[in-house]
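> sequence first, then the predicted structure:
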Amino acid sequence: MSIAFTFPGQGSQAVGMGKDLADAFPEARAVFEEVDAALGENLCKTMWDGPEDQLTLTANAQPALMAVSMAVVRVLETHGFKVWEKAAYVAGHSLGEYSAHAAAGTFTLADTARLLRVRGNAMQAAVPVGKGAMAAIIGLDRDGVQALCEAASEKGACQIANDNGGGQIVISGARDAVEHAAGNARENGAKLAKLLPVSAPFHSALMAPAADAMAEALSSVRVSRPMVPVIANVHVAPVTEPDAIVESLVAQVTGQVRWRETVEWFAANGVTDLVEAGTGKVLTGLARRIDRSVNAVAISTPADIEAFVDQNA
């Protein structure tokens, strides 16, 4: 068995996330308290009590999702399963790549929380509200969606943001261009093409100001060599050197999350089990649609943790 851990991205957040972990495990509660201290606010209250619209804000959702993922990792550690010792690789979807680096020891937990707060604020501020958009395209292959984006580019920036696998591709950019591409997608045989309820055009060229902000933020923190290789979203390859890590995280802001290729890379490189650590089961569902030869499981609750430890002790 060769295990890789994956960490979810934005969209998996839900009010109440992580509360059962904090109630069951003191080491999980310690993670949430450390994140609150790093941010100088009670993010846990928003995570556990809402309101949902506050939790959904990019600047809150990103560190919140990371906190739950790291709570799972820390609880596993106390039960004898150390991710950096027993996992062959780690990876995360978009913001989840920061969770992967935290789990691998690249960044401290506090620095990861602060980096994600900067990232969330910078991504939100990069484009005026209403000027950008994202849309999900279901049922067309990557080449077909790429052609739609190129045809729409005369109306503004338009590119593939996420190649999630299972026939699901997300495009991002200027609203007029994205709406044009989505409309043409339906005419070209897409099963579904719909705008997403997001606040900014993530992973598009319009995020360049946010990429600059992340370059500056990453220059101010200690970047260690990870204890387990991290598969970068934009390169679909392991990154282990600090300079390469910084480059990949900056490029990720405007670049594509190549998740389908990441799961395929795992399968081609001997990974037999993918373990999603954190809120929800989105990545687990995607993995099952991309390559059924890889066993995929999600860990988010105390019961999940106990079952996983029993099977992998």
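Nice, I can see it.

> what's around S220, how many residues?
10 (other C-beta atoms under 10 Å). (C-beta placed from N, C-alpha, C; glycine too.)

> assign it to helix, strand or coil.
coil (DSSP: H, G, I helix; E, B strand; the rest coil).

> shouldn't Q124 be in contact with T58?
Yes: Q124 lies in contact with T58 (C-beta atoms under 8 Å); the separation is 5.0 Å.

> tell me the spacing between E52 and P63.
Going from E52 to P63 by C-beta to C-beta, to the nearest Å gives 16 Å.

> check A71 too.
12 Å.

> cool, A217 as well?
Distance of A217 to P63, given as C-beta to C-beta: 13 Å.

> just want to know which of these two has more residues nearby.
Per other C-beta under 10 Å, whichever of A217 and P63 has more neighbours is P63, with 26 against 19.

> residues in contact with the more buried one?
V35, L39, L43, T112, A113, L116, R117, G120 (C-beta atoms under 8 Å, 6 or more residues apart in numbering).

> how does it look with 6 Å?
A113, L116, R117 (C-beta atoms under 6 Å, 6 or more residues apart in numbering).

> just the helices from the stretch 51-200 of the chain, written as ranges.
Secondary structure of the stretch 51-200 of the chain, counting by DSSP state H, counting those that start in this stretch: helices at 52-56, 58-78, 83-86, 96-104, 109-125, 142-152, 175-187.

> elements contacting the one helix or strand A213 maps to?
Using DSSP states H and E, the element containing A213 is helix 208-218. Contacts defined by 3 or more C-beta pairs under 6 Å, 6 or more residues apart in numbering; DSSP states H and E place helix 208-218 against helix 109-125, helix 242-254.

> if you compare those helices, which one is most tucked away?
helix 109-125 (a mean of 22; mean count of other C-beta atoms under 10 Å).

> does anything pack onto it? Which helices or strands?
helix 26-39, helix 58-78, helix 96-104, helix 208-218.

> can I get those helices in CSV with mean pLDDT?
Shown next, in CSV, are the helices and strands packed on helix 109-125 (pLDDT from 0 to 100):
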stretch, mean pLDDT
helix 26-39, 98
helix 58-78, 97
helix 96-104, 98
helix 208-218, 98
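
> distance to Q13 for those helices - can I get that in CSV?
Compiled in CSV, the helices and strands packed on helix 109-125 are given as follows (distance: least, C-beta to C-beta, whole Å):
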stretch, distance to Q13
helix 26-39, 14
helix 58-78, 5
helix 96-104, 12
helix 208-218, 19
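
> so which of these comes closest to A4?
helix 96-104 (9.8 Å; C-beta to C-beta).

> in that closest one, which residues are buried?
Residues of helix 96-104 classed as buried by neighbour count (16 or more other C-beta atoms under 10 Å): G96, E97, Y98, S99, A100, H101, A102, A103, A104.

> quick one: contacts for the fifth one?
What it means is A100. F7, V90, A91, G92, V230.

> check the fourth one too.
Going by C-beta under 6 Å, 6+ apart, S99 touches F7, M66, S69, G92.

> how much space between it and A174?
Taking C-beta to C-beta, one finds S99 at 30 Å from A174.

> try the fifth one
To A174, A100 is 30 Å away according to C-beta to C-beta.

> again, but for the last one
Look at A104 and A174: by C-beta to C-beta, they are 36 Å apart.

> in this protein, what residue sits furthest out from the centroid?
The centre of the chain is farthest from one residue, E187, which by C-alpha atoms, centre = their mean lies 30.8 Å away.

> and the contacts of P63 as JSON lines, adding pLDDT?
JSON lines is the format used below for these (pLDDT from 0 to 100):
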{"residue": "A113", "pLDDT": "98"}
{"residue": "L116", "pLDDT": "98"}
{"residue": "R117", "pLDDT": "98"}
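
> and the residues you listed, which is closest to P26?
A113 (19.2 Å).

> mind checking how far the closest one is from A174?
A113 is 31 Å from A174, by C-beta to C-beta.

> rewinding a little: looking at the helices of the stretch 51-200 of the chain, which is closest to V309?
Comparing those by C-beta to C-beta, helix 58-78 comes nearest, at 7.0 Å.

> quick one: that closest one to chain centroid distance?
12 Å (C-alpha atoms, centre = their mean, to the nearest Å).

> from one end of stretch 277-293 to the other, what's the distance?
20 Å (C-alpha to C-alpha, to the nearest Å).
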